[in-house]
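Novice: fold the following.
(chains A and B)
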Amino acid sequence: MKESCSAVSKLLEKYFDQEVTDEEKSVVETHLLDCQACQEVLRSMEELRNLVRAPVEEAVQKEDFQWIWQKIERGIRLEERPTFWETLQSWLQISPLFQRKVWISAAVAVAIILIITIPMFFKKTPSLLDQSVIEYVESQTHNVMIYESENKKVTVIWLFEGPAEETSPS
Amino acid sequence: MKKIISLTTCFFILLIPISVAFSQVPTRVRVIEASNVGSIIDPSLKDVQSDLKSLSNFTSYRLLKDENLSLSPNRPIDVPVHKGRSLEITLVGQRKDIAECRVKIKSEGTDILNTQVRLSSGRTVLIVGPKHGEGVAIIALSARF
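Specialist: Predicted coordinates:
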């Protein structure tokens, strides 16, 4: 290497990476015209880059970047999607009715109506048949009277002697 | 775990009809003679005493028979009331604490009363009549759950 080689060698790597200024570029290129050693260093850099590039490019070709990108995109979309609460809040903000908080009294009114009406639908009114103790009574030979005590604990079936047709109204 | 749960469920499902089929209803049948001869009220009639008094003008209530029956579904049980007369009681249905019973009073082979009543806890069904001696026979039916 010539005397200026030490100064150029610092710039050589930057030159190789195309990171030098125009001024530095002309200095390096002028020097390279006359310096075999620096030319050799630059060539070895190129060889090294080529040596690395080939397997990397091969690996890149094998890799399915489309799939990876789709996965990343999906992740981004998921992060961006608003939560249910955020959606609800935004919806409430859109509607002027809800902004005025009218919905609170409306919801209360609906709840009261539901509380009053739902038991009415499910309330089972006991039928007369369920309330009665006697399902049926018949007698071919006696008149029958049914009586229930006031406290509803005793039900009486009263049989009167004598044929039914004799006392029955005709 | 699932197997155990399903087997247990099957066991209980199979058990339900068996328990329903074999459920028996303890029923009390009392035959009372009500008359105006004397003024004796049988102490064992305490629970229906006030009702009996409010129903009729009889002064005497005498317990003739007190039987505790175990009614099985559709199996009629005969209880002799007094000479020539009998009571036939059959459990025809059961719901929770209500027993549906068919009651027949027979007199020398003829049905003089045919009725179906619902017996529940704390309720008594009285069948007043027919004639018995100087007064009438009262049949008191009640079920215990």
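Novice: wait, is B:N57 part of a strand?
Specialist: No. Using DSSP: H, G, I helix; E, B strand; the rest coil, the assignment for B:N57 is coil, not a strand.
Novice: which secondary structure element contains the residue of chain B found nearest chain A?
Specialist: Closest residue of chain B to chain A, Cβ to the nearest Cβ: B:G129 (3.2 Å). C-beta here means a position set from N, CA and C on the backbone, and glycine is covered the same way. Secondary structure from DSSP states H and E places B:G129 in strand B:124-132.
Novice: partners of that strand in the sheet?
Specialist: Next to strand B:124-132 in the sheet, as set by DSSP bridges, lie strand A:154-160 (parallel), strand B:135-143 (antiparallel).
Novice: what about the shortest one, average pLDDT?
Specialist: By that I understand strand A:154-160. For strand A:154-160, mean pLDDT is 86.
Novice: buried ones in that strand?
Specialist: Going by neighbour count (16 or more other Cβ atoms under 10 Å in any protein chain shown), the buried part of strand A:154-160 is A:V154, A:T155, A:V156, A:I157, A:W158, A:L159.
Novice: contact partners of it?
Specialist: Identification of contacts with strand A:154-160 by Cβ atoms under 8 Å, 6 or more residues apart in numbering or on different chains yields A:133-134, A:137, A:139, A:142-149, A:167, B:48, B:51, B:55, B:105, B:112-113, B:115, B:117, B:123-130.
Novice: buried ones among these?
Specialist: Neighbour counting by 16+ other Cβ under 10 Å classes A:133-134, A:137, A:139, A:142-144, A:149, B:48, B:51, B:55, B:105, B:112-113, B:115, B:117, B:123-130 among the contacts of strand A:154-160 as buried.
Novice: who are the contact partners of A:P55?
Specialist: No contacts exist for A:P55 under Cβ under 8 Å, 6+ apart.
Novice: cool, and A:K25?
Specialist: By Cβ under 8 Å, 6+ apart, the contact set of A:K25 is A:Y15.
Novice: in which helix or strand does it reside?
Specialist: Per DSSP H and E, A:K25 falls inside helix A:22-34.
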